[in-house]
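Trainee: I'd like to go over a predicted model; first the sequence, then the structure.
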Amino acid sequence: MKESLELSAASHGASWLYQAHAQALPRHFHTHEELEFNLVVSGEAVYLTEDGRVDLIPGCILWLFPEQAHALHSSSNDFTMWIVVFRQETVRELCQTTRYLPLRSLYKPSAQSYAQLQPESSQDISALCEKAALVKDDVEFCNVVLHHLLIAAWDLTQTDTPLKANPKAYHPAVLRTVNTLYLNPENVSLSELAKAAGLSQEHLSRLFSRQIGMPIVEYRNRQRIRHFQKLYGQGKQLTLAEAAQAAGFGSYTQCYRIVQKYLNIKPSDLGN
């Protein structure tokens with residue numbers, strides 16, 4: 001799925017802090033027009049990419065290119081990272097020498113794009129990310145900070161400790177199931193998922209659990225929680241029971257039990 005990021009017309013990109021306790025659940029596979037990098041501040045998480053599993057730990061930086069599908073699969077509750085994106089036209093304008101040409105790629109280049117930064121390097125890049133986020137309303141100043149950030153972050157990615165994704169090719173049926181459950185977690189049955197994937201229910205269940213690291217039922221429940229959080233958090237226009245029903249839970253009691261099981265909080269806490 002290709003997403004459209006809401007950048008102002010004059011902005012060359014954007015920087016924001018992702019916090020798992022506020023946006024706590026896995027996302028669907030997606031791409032977007034902008035070049036992206038993530039810098040982990042705290043906690044741990046797992047990204048799924050077309051190249052395999054990527055483990056995110058404090059201080060690591062990961063670049064994601066416009067045609068590189070990715071999804072935040074799981075994270076610890078204290079997981080926090082900076083997400084920074086750059087418009088392609090900005091990247092083309094700034095990256096015209098050999099050292100920076102890989103940044104203009106639509107796909108993952110051969111150059112190093114996943115690294116563990118030294119503590120000082122991580123702090124420096126984090127400070128620039130924060131500065132860009134703080135001055136976002138001053139578009140001209142923010143663009144200057146983003147230009148510096150693009151070059152500095154890439155330079156440090158090339159010189160600090162390289163990391164490699166765990167090479168695992170995800171079965172197309174697994175990717176299809178992940179996306180289906182993200183988009184429609186409410187009432188898709190296992191038999192419908194298996195039919196769409198062209199596999200038996202038993203084969204799909206085993207394959208999904210082996211490659212994603214959790215059973216289909218757990219992944220679906222987590223997506224239902226995400227959907228509930230979105231429904232209930234929109235100005236609390238729905239009651240807890242109404243949001244639970246709309247998210248695919250059989251009852252509020254079931255919603256309460258599942259939220260407690262996976263997040264150890266009450267459903268009402270997700271609307272805060």
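Mentor: Noted; the coordinates are in hand. Numbering: from 1, shown residues only.
Trainee: ok, A194 touching F208?
Mentor: No. A194 is not in contact with F208 according to CB atoms under 8 Å; the separation is 10.0 Å. No exception for glycine: its C-beta is placed from N, CA and C like everyone else's.
Trainee: For the two, indicate the residue with more neighbours.
Mentor: Comparing A194 with F208 by neighbour count (other CB atoms under 10 Å), the higher total belongs to F208, at 25 against 19.
Trainee: what helix or strand is that one on?
Mentor: Using DSSP states H and E, F208 maps to helix 201-212.
Trainee: Of all the residues in that helix, which ones are buried?
Mentor: Residues 201, 204-205, 207-209, 211-212 are the ones in helix 201-212 that count as buried (16 or more other CB atoms under 10 Å).
Trainee: Out of those residues, the closest to L150 would be?
Mentor: Looking at the buried residues of helix 201-212 and their distance to L150, the nearest is I212, at 32.8 Å (CB to CB).
Trainee: show me what contacts F79?
Mentor: Residues counted as contacts of F79 (CB atoms under 8 Å, 6 or more residues apart in numbering) are 19-20, 40, 42-45, 56.
Trainee: could you measure the spatially closest residue to it that is not a sequence neighbour against T159, distance?
Mentor: Nearest residue to F79, sequence neighbours excluded (CB to CB, 6 or more residues apart in numbering): G43, at 3.3 Å. Using CB to CB, to the nearest Å, we find G43 at a distance of 25 Å from T159.
Trainee: Please say which of the two ends up with more neighbours.
Mentor: Higher neighbour count among G43 and T159: G43, with 18 against 13, using other CB under 10 Å.
Trainee: now the more buried one: how far from K230?
Mentor: For G43, the distance to K230 equals 22 Å [CB to CB].
Trainee: Do a quick rundown of the strands in the stretch 1-150 of the chain.
Mentor: Assigned by DSSP state E, counting those that start in this stretch, the stretch 1-150 of the chain shows strands spanning 2-3, 13-19, 31-32, 35-42, 45-49, 52-56, 60-64, 70-75, 80-86, 114-116.
Trainee: thinking again about what came up before, including pLDDT and distance to L62, could the buried residues of helix 201-212 go into CSV?
Mentor: Formatted as CSV, those follow (pLDDT from 0 to 100; distance: CB to CB, whole Å):
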residue, pLDDT, distance to L62
Q201, 93, 35
L204, 94, 29
S205, 94, 30
L207, 92, 26
F208, 91, 24
S209, 88, 25
Q211, 81, 20
I212, 80, 19
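Trainee: Fine, thanks again, bye for now.
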